[in-house]
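In: Could you work out the structure for the sequence below:
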Amino acid sequence: MTTTSHVLAEIDRRTDDLIRLTADLVGFDTTVRGAAAEPARDEADLQEYVAGRLRAAGATVDVFTPKTGDLPVSPQTPPGLGFDGRPQLIARFPGTGGAGARSLLFNGHIDVVSAEPRREWTSDPFRAEVRDGRLYGRGTCDMKGGIAAAVVVAEALAALGIRLPGDLLINTVTDEEWNGAGTLASVGYGVRADAAVVPEPTDLDVVVAQRGILGGTVTVAGRPGHAEYPPGDWRTGGAVNAIEKTMPVLTALRRLREQWAEDPAHAHPLLPPPAIVPTTIKGGEWWVTYPASCEVALDVTYLPVQADGGGWASRVRHDIERAVREACADDGWLTANPPRFTWDTELPPAEVPSTHPLVRALTASATAVGRTPRLLGEPSWTDAATLTRLGGTPAVCIGPTATRPDGSPTLHTIDEYIEISDLVATAKALALAALDMTAPAAAAP
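Out: A predicted model of the protein is given here:
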């Protein structure tokens, strides 16, 4: 048997263990925090569990709690964000070395979105259950199954006595579902490789591009007054309805979104057009009072071509604010009291060329395990962007089940699941990619 055949057979032999490991990871409640001060859950326990397995397989493992000052300066995370109770993990399996050997990083986030409303689940979301060839539970596909696959690959290689030419690294992180702080902290800690794979759920397709994300709030001012009396003239102290004054703002945002979608410069072959989506609205103080303010939360997605020189959204922010300002120019109140923007979460877009050796290796490995991988773009965002943009490590995504048979997503849903066949196929694809990518470039098939 060839080395490849031995590795694939070893992963087949470990299928039950792969399922159990995924189920064990699901059992740790690592629901993502929604605010900087929110207390930790089971993140530390999960990281120690993974560390124990990787150490037993021969890795050098560092479980570290980042300090606030260790984070690279960026608009990605809120000021003062801490990591108490939320450590990061980096494990290294040293390669044999030699000229041209390349290191490969597997990166995965341990946090999951909320399982609420839990009463809607068929089974306990934190007690994974096998039914009809699927493993159900919160995080099975996003992305504890991908992490389990990476761990089992490393264990299988070690059990077979295979040392790759280049180093194999495994990095498990927190906070991806919020702002990517864990991978950002890992980059600040020095985590680097020649290439990286993030086994996010992709249906074994290869995701090479993703949009950036910008979050913010636009606040429109009004002036309170009794709603059952005529408001009077605002110039002489009359009431102003902030909710009604928000309408031209929303119209301007919709028109800008439409302009972006129609702009040929934004016609990306793999990504949807950029978008501005108002997601929440809050206005008013009392049902018989003209509202004194109205706030609209915005979710903005933008393309790599729209990023500024540093990869961030300064130009996008400028375009949005200008569009709103111009729309308010004919309104006396809004000219005198312009809408105020507050920008917070900002996540960079990224793209790895389709010609990159990692893309070729993953396409070949997915094909070798019986899939027909497509090159895709991610409409949302993953930690691959942080690794690519800020870490100097070209990173792409390939992983297990992402959609149900009807095309709807399995991640972030009630009764989240992973196809067990996808779980095994992901492990095999990662193993083949590791054999390929860590070899010297001239010797790689």
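
In: I276 falls within a helix, correct?
Out: No - judged by DSSP: H, G, I helix; E, B strand; the rest coil, I276 forms no part of a helix; its state is strand.

In: Identify all contacting residues around stretch 274-286.
Out: 211, 224, 242-243, 246, 250, 253-254, 256-257, 260-261, 266, 291-303, 306, 316, 320 (C-beta atoms under 8 Å, 6 or more residues apart in numbering). Backbone N, C-alpha and C define where each C-beta goes, glycine included.

In: tell me the mean pLDDT over it?
Out: Per-residue pLDDT values across stretch 274-286 average out to 97.

In: got the CA positions of it in CSV?
Out: Extracted in CSV, the C-alpha atoms of stretch 274-286 (Å, rounded to 0.1, in the frame of the first residue of the first chain):
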residue,chain,number,x,y,z
PRO,A,274,-21.8,44.3,-1.6
ALA,A,275,-24.9,45.1,0.5
ILE,A,276,-26.2,47.4,3.2
VAL,A,277,-28.9,45.8,5.3
PRO,A,278,-30.8,47.6,8.1
THR,A,279,-31.2,44.9,10.7
THR,A,280,-32.8,46.5,13.8
ILE,A,281,-34.5,49.7,14.5
LYS,A,282,-35.2,51.4,17.8
GLY,A,283,-37.1,54.7,18.2
GLY,A,284,-39.2,56.6,20.6
GLU,A,285,-39.7,57.0,24.3
TRP,A,286,-43.5,56.9,24.9
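
In: gap between it and the chain center?
Out: 23 Å (C-alpha atoms, centre = their mean, to the nearest Å).

In: for stretch 357-367, same thing?
Out: On C-alpha atoms, centre = their mean, the centre of stretch 357-367 falls 21 Å from that of its chain.

In: ok, residues contacting that stretch?
Out: Residues from elsewhere that reach stretch 357-367, judged by C-beta under 8 Å, 6+ apart: 195-197, 204-206, 208, 352-353, 373, 375, 394, 396, 398, 425, 428-433, 436-437, 441, 444-445.

In: Which among the residues you listed count as buried?
Out: For these, a burial check counting by 16 or more other C-beta atoms under 10 Å picks out 195-197, 204-206, 208, 352, 373, 375, 394, 396, 398, 425, 428-433, 436-437, 444.

In: Next step: those restricted to strands.
Out: A195, A196, V197, V206, V208, L375, V396 (DSSP state E).

In: mind giving me JSON lines with those and columns for pLDDT and distance to D383?
Out: JSON lines is the format used below for these (pLDDT from 0 to 100; distance: C-beta to C-beta, whole Å):
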{"residue": "A195", "pLDDT": "98", "distance to D383": "14"}
{"residue": "A196", "pLDDT": "98", "distance to D383": "9"}
{"residue": "V197", "pLDDT": "98", "distance to D383": "11"}
{"residue": "V206", "pLDDT": "98", "distance to D383": "16"}
{"residue": "V208", "pLDDT": "98", "distance to D383": "15"}
{"residue": "L375", "pLDDT": "97", "distance to D383": "19"}
{"residue": "V396", "pLDDT": "98", "distance to D383": "11"}
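
In: Mind putting these into CSV with distance to L105?
Out: Converted to CSV, those look like this (distance: C-beta to C-beta, whole Å):
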residue, distance to L105
A195, 7
A196, 4
V197, 7
V206, 16
V208, 16
L375, 21
V396, 11
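
In: and the two most separated of those residues?
Out: Farthest apart among these by C-beta to C-beta are A196 and L375. That separation is 17.0 Å.

In: quick one: which of the contacts of stretch 274-286 sit in helices?
Out: Counting by DSSP state H, these place A242, I243, L250, L253, R254, L256, R257, W260, A261, V316, I320 in helices.
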